[in-house]
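# whatever this is, show me its structure:
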Amino acid sequence: MDQGRENIPSFGQDTESHNANIEKLAEMIGLGNCRAMGLYKIPKDFKLSVVIPVYNEKRWITEVLRRVRMVPIPKEIILVDDLSTDGTREMLQQFADDNTKILYKEINQGKGAALRDGFKLCTGNVIIIQDADLEYDPDDYPSLLQPIIENKADVVFGSRFIGEKHRVLYFWHMVTNKILTVLSNMLTNLNLTDMETCYKVFKKEVLEGMDLKSNRFGFEPE
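Numbers count the residues shown, from 1 in each chain. Take a look at the predicted model:
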């Protein structure tokens, strides 16, 4: 899917208009109903940093960017190419703009290292990790961000096993993940439902306080 950059709109930068629309809707159906629907005001100075680690995603990267840019939330996008060899690296050049930063790594180090490098470029209040293969849907951003924006959480983890929508998993992948999740909960005294959780959302200051070391997919349980 090799669409040009002109076909990828960049929406969701006008917080004032968004909040005005929420106020009008709240007058009609009530603020509580708005919040229950995942519709809420966004702080005036809020900005989301979307970090996308990329490795050989030529097939999907254009559509991923289109969907991320369509989410109606003020944002910046940080793409980190981990030395792709399928032409992805060359495609990324057309996507750079004022709200999209692209980092080209000179050594393939893995997802964890790519994310750490991407985090260093973030200027937003909140950081979300987006995979480049469309495994997870950017339309979920508003629901994931709501607890953080409403000061009810500092970190939000997505899960493939709760909620209305469920991603299809291969049987043995699901079984292995559930076993690892139980072991992880025993070691950390947490109550996660999906250790290899899909979306991860952090307040920037929380992420800055973490000493992340894993270079490859060990980042997920870390």
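
# show the end-to-end separation of stretch 122-133, please.
One end of stretch 122-133 to the other measures 21 Å (CA to CA, to the nearest Å).

# buried residues in that stretch?
Using 16 or more other CB atoms under 10 Å as the test for burial, stretch 122-133 gives 122, 124-132. To be clear about C-beta, it is placed using only N, CA and C from the backbone, and glycine gets the same treatment.

# can you list contacts of that stretch?
With contacts defined as CB atoms under 8 Å, 6 or more residues apart in numbering, stretch 122-133 is touched by 43, 45-55, 57, 60-61, 64, 68, 75-76, 78, 115, 119, 136, 138, 141, 144-145, 148-149, 198-204, 207.

# how's this structure carved up into domains?
Structural domains assigned to the chain are 5-158+198-219, 161-196, following automatic domain parsing.

# may I see the ones you listed arranged in TSV, with mean pLDDT as well?
Formatted as TSV, those follow (pLDDT from 0 to 100):
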stretch	mean pLDDT
domain 5-158+198-219	89
domain 161-196	49
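
# packed most tightly, which of the ones you listed would that be?
domain 5-158+198-219 (a mean of 17; mean count of other CB atoms under 10 Å).

# surely Gln94 forms part of a helix?
Yes. Per DSSP: H, G, I helix; E, B strand; the rest coil, Gln94 lies within a helix segment.

# look up how far Arg69 lies from it.
For Gln94, the distance to Arg69 equals 14 Å [CB to CB, to the nearest Å].
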